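Trainee: Kindly generate the corresponding structure for this input.
(one chain, ligands or ions: 1)
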Amino acid sequence: MEYNREQLIEAVSAQMPEKRWTHTLGVMETAVQLARRYGADPVKADLAAILHDVSKYWTIEKMRNILVEHKLNDELLLHDKQLWHAEVGAFTAREVYGITDPEILDAIRYHTSGRVGMTLLDKVVCLADYIEPGRDFPGVHNLRELAQHSLEGALAGGFDSTISHLIARKQIIYPLTVLSRNDLIKQLEENI
Ligand SMILES: Nc1ncnc2c1ncn2[C@@H]1O[C@H](COP(=O)(O)OP(=O)(O)O)[C@@H](O)[C@H]1O
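Mentor: Residues are numbered from 1 along each chain as shown. As a prediction, the model looks like this:
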C-alpha cells in the first residue's frame with residue numbers, strides 16, 4: 001500500500017506509546033524549523049522525523065531477527081540494543097512504508113549514532129531529536145541556543161552529552177558516535 005502523510009502518521013503513531021509519539025511530533029516540528037534555517041529539504045526532514053522512532057518499541061527479538069535475517073549491520077548487534085531501532089527503522093521505512101529516498105532512509109538510520117560525513121538532512125534530524133521541545137536533560141537549553149547559529153556546534157554538543165552520559169555510567173560507547181563527533185569538530189575548525 002502507498003501511504004500518504006496522514007496515513008503514515010496514523011500507522012507510525014500506532015507503533016508507540018502516546019508519550020513517544022508526542023516526542024516524535026516535537027522532532028517533526030524542530031526538524032522542519034532546522035531544515036528551513038540551514039537549507040535542508042523540509043519535506044524530507046518531516047518524513048524522516050515521522051519515521052525515525054517507528055521501531056523504538058518493538059521487542060528485542062523482533063529487532064534482532066530483522067538485523068540478522070537481512071544482514072543489516074553485524075557490528076550493531078554487539079552494541080547496546082537501544083541503538084538497534086535506528087537501523088531497523090530505516091529498513092522498515094523502506095520495506096513497510098515504501099520510502100525509497102536514500103537521504104530520508106539514511107537520516108533515519110543514523111539519527112541515534114550519527115556517522116562520519118553526515119548529510120545536512122542527517123544533522124537536522126539528529127539534532128532535532130536532541131532538542132525538540134519535550135527534551136529535558138542537562139545542557140539542552142544551551143544546545144537550543146547554539147542550534148540558532150551552529151548546526152554542527154549544537155550537534156557536536158549533543159553527542160558530547162550522550163558520550164558523557166555513557167562514560168558516567170561506565171557503559172560501552174558505540175564508536176561511530178565518537179567518530180561522528182570528531183568529524184563535526186573537524187568541520188567546525190575548518191570553518192573558522
Ligand atoms: N554511541 C552510543 N553508544 C551506546 N549507546 C548509545 C549511543 N548513542 C546512544 N546510545 C543509547 O541509546 C539511547 C537512545 O538514543 P536516543 O538518541 O535517545 O534515541 P531516540 O531518538 O530513539 O530517543 C540513549 O539514551 C543511549 O543510552
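Trainee: CA atoms for contacts and neighbours, from now on please.
Mentor: Will do.
Trainee: got the buried residues for the longest helix seen in the chain?
Mentor: The residue-count maximum for a helix in the chain (DSSP state H) belongs to helix 18-38. Neighbour-count burial for helix 18-38, counted by 16 or more other C-alpha atoms under 10 Å, picks out 20-21, 23-35, 38.
Trainee: same question, stretch 62-72
Mentor: Per 16+ other C-alpha under 10 Å, stretch 62-72 contains these buried residues: 63-64, 66-67.
Trainee: List of residues touching it?
Mentor: 55, 73-74, 77, 84-85, 87-88 (C-alpha atoms under 8 Å, 6 or more residues apart in numbering).
Trainee: Now which of these would you call buried?
Mentor: 55, 84-85, 87-88.
Trainee: Name the nearest of the residues you listed relative to the ligand.
Mentor: Ranked by distance to the ligand (C-alpha to the nearest ligand atom), these are led by His85 at 7.1 Å.
Trainee: State the helix or strand in which the closest one lies.
Mentor: helix 84-95 (DSSP states H and E).
Trainee: Do the helix or strand just after that helix and the ligand come into contact?
Mentor: Next in sequence after helix 84-95, counting helices and strands by DSSP H and E, comes helix 102-109. No. Using C-alpha under 6 Å from any ligand atom, helix 102-109 never reaches the ligand; the gap is at least 9.5 Å.
Trainee: just to revisit the earlier point, what are the contacting residues of the helix holding His85?
Mentor: Residues outside helix 84-95 that contact it (C-alpha under 8 Å, 6+ apart): 51-56, 58, 63, 66-67, 72-73, 76-77, 99-100, 105-106, 108-112.
Trainee: any idea where the helices of this structure begin and end?
Mentor: Under DSSP H, the chain gives helices at 5-13, 18-38, 42-51, 60-69, 74-77, 84-95, 102-109, 120-131, 140-147, 151-168, 175-190.
Trainee: taking the ones you listed together, which one is wrapped up most tightly?
Mentor: helix 120-131 (a mean of 27; mean count of other C-alpha atoms under 10 Å).
Trainee: The lowest-mean-pLDDT helix or strand in the chain near the ligand at all?
Mentor: The weakest-scoring helix or strand in the chain, judged by mean pLDDT, DSSP states H and E, is helix 74-77 (a mean of 95). No. Residues of helix 74-77 contacting the ligand under C-alpha under 6 Å from any ligand atom: none, with a closest distance of 9.8 Å.
Trainee: Ile50 touches Gln7, doesn't it?
Mentor: No. Using C-alpha atoms under 8 Å as the test, Ile50 is too far from Gln7 to be in contact (11.2 Å).
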